[in-house]
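what shape does this take:
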Amino acid sequence: MRKTGHLMALGCGYSASRLAGVLLDGGWQVSGTSRTTEGCRALATKSITPHLFDGSEPLPPSAWEGVTHCLVSIPPDENGDQSLLHHRDRLASSQELEWIGVLSTTGVYGDAAGQWIDETFPPSPLTEANRRRLAMEEGWLDFAKVAHKAVQIFRLPGVYGPGRSPFSRIRSGQARSIIKPGQVFNRIHVDDIVAACLKGIERPFAGPVFHIADGNPAASDDVLDYAASLLGQPSPPRVPIAEAGLPPMAMHFYEECKRLDISRARTELGFVPRYADYREGLISVLAEEQSRSSKPLKPLG
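Residues are numbered from 1 along each chain as shown. So this is what the prediction gives:
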C-alpha cells in the first residue's frame with residue numbers, strides 16, 4: 001500500500017471510522033462526512049476532518065483537495081445514490097484519485113436456498129432497500145467504465161465488532177435465539193472489512209466485486225450460545241420463528257439463506273480473514289470491549 005494518502009469517507013460511520021483510525025495511525029489524512037453537526041463534531045474528536053453532507057447538495061470543491069482515495073458507505077435513498085449523483089463529475093475529473101471502495105450488502109442476492117454462491121450468482125433482491133443497493137452498485141461500475149477509475153464493490157453480510165455484538169443483549173437478558181432449521185449466515189468482523197479495504201487500496205483494479213465475509217456460515221443460535229458461554233451465562237431462550245412475532249424487516253432477514261464463497265477475495269485481493277469464524281471474532285470483541293471498561297476483565301470461557 002502507498003505510504004500515505006488522503007481518504008474521503010462518504011458516510012464515516014462504524015466501518016469507515018475503524019478504517020480511518022488505521023490510516024491515521026499510518027500518517028494518512030482522513031476526511032469524512034456526517035449528516036448532522038453533532039456527527040461532525042464526533043468525527044473531529046477522532047482527528048477526522050469533518051464535512052456535513054446530508055444528500056441535499058454536494059460537498060464544496062475544497063473538501064476534495066488532495067483526496068487520493070474514497071470510501072462510500074452511505075446507503076442510497078428513494079432518490080438514488082446521493083454520493084454518486086452529487087460528486088460524479090468531481091470524482092471523474094480528479095487527477096489524484098486512485099481508488100473508490102463501495103460498501104454494499106450480500107442482500108442484493110436475495111435468497112439462495114442455502115447454496116454456496118460466488119460473485120457470479122444472479123442478484124435478485126427481495127426488498128426495496130436492497131434493490132436500491134444493487135442499482136447503486138451498477139451506477140458505480142458504470143461510472144468506473146466511463147471515467148476509467150478504479151472502483152471496487154465490497155458485498156458484506158452481517159457486520160459485528162466492538163460495540164456492535166451480542167454481548168450487551170445477553171447481559172441485559174433481551175437476547176433470544178430465533179430458530180429456523182437449516183438457516184445459516186456469514187458474518188464479518190469490522191477489522192476484516194478494514195483489512196479488505198487496505199488490500200483494495202493495494203490492488204485497486206482487482207475485482208471489481210468481492211464477497212468480504214468469514215469463510216464459515218453458522219446458525220444464529222450457535223453464535224448466541226457461544227457469546228453467552230464467554231460471559232459465563234446460560235444460552236438465550238429459543239423461540240421458533242413462527243412464534244417470534246418478528247417485524248417485517250427482521251423477518252426478511254430470515255427469508256434469505258446463503259453461504260458465501262470468498263475465493264475471489266482470497267485470490268485477487270490476497271484477503272484472508274483474521275477472524276475466520278464467529279468464535280475467534282467474538283473472543284476478540286469481548287477482550288476489546290472489556291479493555292475499554294473500567295470493570296476488571298472476566299476470563300474468556
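
which other helices and strands does the longest helix seen in the chain contact?
Longest helix in the chain by number of residues (criterion: DSSP state H): helix 128-147. For helix 128-147, the packing partners by 3 or more CB pairs under 8 Å, 6 or more residues apart in numbering; DSSP states H and E come out as helix 82-93, strand 99-105, strand 151-156. For glycine as for every other residue, the C-beta is placed from the backbone atoms N, C-alpha and C.

with mean neighbour count as added columns, please give the ones you listed in a markdown table.
Shown next, in a markdown table, are the helices and strands packed on helix 128-147 (neighbours: other CB atoms under 10 Å):
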| stretch | mean neighbour count |
| --- | --- |
| helix 82-93 | 17 |
| strand 99-105 | 24 |
| strand 151-156 | 26 |
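
let me have these in TSV, adding mean pLDDT and distance to Leu134 as columns.
TSV is the format used below for these (pLDDT from 0 to 100; distance: least, CB to CB, whole Å):
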stretch	mean pLDDT	distance to Leu134
helix 82-93	98	14
strand 99-105	98	8
strand 151-156	98	10
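
with distance to Gly39 added, can I get the ones you listed in TSV?
Converted to TSV, these look like this (distance: least, CB to CB, whole Å):
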stretch	distance to Gly39
helix 82-93	16
strand 99-105	17
strand 151-156	21
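
ok, which of the ones you listed comes nearest Glu119?
Judged by CB to CB, the one of the helices and strands packed on helix 128-147 that comes nearest to Glu119 is strand 151-156, at 7.4 Å.

adjacent strands (with direction) for that closest one?
Looking at strand 151-156 with DSSP bridges, its partner strands are strand 99-105 (parallel), strand 209-211 (parallel).

give me the neighbour count for Phe271.
A count of nearby residues for Phe271, using other CB atoms under 10 Å, gives 25.

next one: phi and psi at it?
When read as degrees, to the nearest 10, the backbone of Phe271 gives phi -80, psi 120.

look at the closest residue to it other than its chain neighbours and report its pLDDT.
Of all residues not flanking Phe271 in the chain, Ala265 sits nearest, at 4.1 Å (CB to CB, 6 or more residues apart in numbering). For Ala265, the pLDDT comes out at 98.

what's the burial count for Ala265?
Neighbour count of Ala265, defined by other CB under 10 Å: 28.

tell me who's in contact with it.
Applying CB atoms under 8 Å, 6 or more residues apart in numbering to Ala265 gives the contacts 196, 199, 210-212, 271.

the stretch 201-301 of the chain: strands as residue ranges?
209-211, 238-240, 259-260 (DSSP state E, counting those that start in this stretch).

tell me which helix or strand of the chain sits lowest on mean pLDDT?
Within the chain, no helix or strand scores below helix 248-253, which has a mean of 84 by mean pLDDT, DSSP states H and E.

distance from that one to the middle of the chain?
Between the centre of helix 248-253 and the centre of its chain there are 19 Å (CA atoms, centre = their mean, to the nearest Å).

appreciated, that's everything.
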